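Peer 1: missing the sequence, but the structure's below:
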């Protein structure tokens, strides 16, 4: 399980928990994380749509995964105006503070599922 919570430095951070054990802080400064799973519904080995884990209809049809991270700077007031960024749905968002933000995203093919 992965989650976002306040880390040791007081910043939001990405944590990993295994079998209910206390989470291990992996990366600090991670404000948001989203993971979507691409399902192939027509057998062409290409995702027809992306959904969250709870909405996957056929797990064996998942051929790719989209990972989206929003990272923030430690310090506020580094930007003269609130920054804008594009979320995983392609919608432009405006920050509520003057921190620096960077979006990282990647679409990854599931091994042995695509050609």
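Peer 2: On my side now, so go ahead. Being a predicted model, the structure only gives us computed values, none of them experimental. Residues are numbered from 1 along each chain as shown.
Peer 1: how about the strands in this protein?
Peer 2: Under the criterion DSSP state E, strands of the chain are mapped to 2-6, 12-16, 24-28, 30-39, 49-51, 62-72, 84-86, 92-94, 101-109.
Peer 1: I'd guessed residue 68 sits against residue 88; true?
Peer 2: Yes - using Cβ atoms under 8 Å, residue 68 makes contact with residue 88 at a distance of 4.0 Å. All C-beta atoms are positioned from the backbone trio N, CA, C, and that covers glycine.
Peer 1: Name the residues contacting each of those two.
Peer 2: 34, 36, 105 (Cβ atoms under 8 Å, 6 or more residues apart in numbering).
Peer 1: Make a ChimeraX selection of whichever of those residues turn out to be buried.
Peer 2: Of the shared contacts of residue 68 and residue 88, the buried ones go into a single ChimeraX selection, burial set by 16 or more other Cβ atoms under 10 Å:
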select :36
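Peer 1: Distance check, residue 35 against residue 43.
Peer 2: For residue 35, the distance to residue 43 (Cβ to Cβ, to the nearest Å) stands at 24 Å.
Peer 1: The two: which has the busier surroundings?
Peer 2: residue 35 (14 against 7; other Cβ atoms under 10 Å).
Peer 1: Just list the residues touching that one, thanks.
Peer 2: 2, 52-53, 65-68.
Peer 1: Adding distance to residue 75 and neighbour count, write those residues out as TSV.
Peer 2: Below are the contacts of residue 35 laid out as TSV (distance: Cβ to Cβ, whole Å; neighbours: other Cβ atoms under 10 Å):
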residue	distance to residue 75	neighbour count
2	26	12
52	32	10
53	34	11
65	32	17
66	30	16
67	26	14
68	24	18
